[in-house]
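S.K.: predicted model and sequence below, questions to follow.
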Amino acid sequence: MHAHAQPAPPDEMMGRMDDDALWQALRAADEQAFRMLFQRHSRAVYNHAFRHASSWATAEEATQACFSGIWRRAAAGTLPEVAHGVVRAWLCAVGRNEARNLVRSDGRRLRLVGRVAQQPREDRHDNVEDWVAHEESMRRINQVLARIPDGQRIVVELVAWGGLTMDEVAAALDLPTGTVKSRLSRARKALATSEVAHLLGKENPT
């Protein structure tokens, strides 16, 4: 008599599901699907938010707002469908918009950098100076990106930093692929002589 295989634990089963299947489960307010998507993509959302906001603290807050908002919508039954294969892109776009709203709402980004930089060396964590250096570097990059319209900027960020294809960006932003291509082309021309031109030197394939 052959022993029957034991069913896989729920978390293990969820781990075998792709993002599209997890998203459908999440739309039915499945907490395990939400947890799995958070584990897979919260770091990407956090990094994307940081690159837009130039602040680790704001990135953390934006990531929390992104996922808490998604769970509220799932629980309310209002979480939208997303195109096949673009869950990560959609999450990064939401996290980026949360970061943008936080940056617009107040000056916490600049105040944070100023407070940390003024702390005595012995009071700092070992990596705080590196954090501040990264924030200052991203701040300079974002000052350049601020020269272009936000519609172009989000395309630049998703393509250059998110590593997304034109089709993925189009699906995440609910835009025609041709619109995404034209926005990136205009951004490339506007920033051709700037210090961020290297970010736009190569398009990801569609």
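M.R.: In hand now; what should we look at?
S.K.: how is this protein carved up into domains?
M.R.: 12-127, 147-206 (automatic domain parsing).
S.K.: same list, the ones you listed, but as JSON lines with mean pLDDT please.
M.R.: Below are the domains of the chain laid out as JSON lines (pLDDT from 0 to 100):
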{"stretch": "domain 12-127", "mean pLDDT": "83"}
{"stretch": "domain 147-206", "mean pLDDT": "82"}
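S.K.: TSV for those, including mean neighbour count and distance to Arg140?
M.R.: (C-beta placed from N, C-alpha, C; glycine too.) Putting the domains of the chain into TSV (neighbours: other C-beta atoms under 10 Å; distance: least, C-beta to C-beta, whole Å) gives the following:
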stretch	mean neighbour count	distance to Arg140
domain 12-127	17	9
domain 147-206	17	7
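S.K.: redo these as JSON lines? Include distance to Glu136.
M.R.: Listed next are those as JSON lines, based on distance: least, C-beta to C-beta, whole Å:
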{"stretch": "domain 12-127", "distance to Glu136": "7"}
{"stretch": "domain 147-206", "distance to Glu136": "13"}
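S.K.: out of those domains, which gets nearest to Ile141?
M.R.: In terms of C-beta to C-beta, the element of these nearest to Ile141 is domain 147-206, at 5.5 Å.
S.K.: so where's the longest helix in this protein?
M.R.: Longest helix in the chain by number of residues, with DSSP state H as the criterion: helix 31-53.
S.K.: any idea which helix or strand comes after that one?
M.R.: Counting by DSSP states H and E, the next helix or strand C-terminal to helix 31-53 is helix 56-76.
S.K.: thinking again about what came up before, out of the domains of the chain, which comes closest to Arg139?
M.R.: domain 12-127 (4.2 Å).
S.K.: ok so, going back, which helices and strands sit right next to the longest helix of the chain?
M.R.: helix 10-15, helix 19-27, helix 56-76, helix 87-105, helix 128-145 (3 or more C-beta pairs under 8 Å, 6 or more residues apart in numbering; DSSP states H and E).
S.K.: that concludes my questions; thank you for your assistance.
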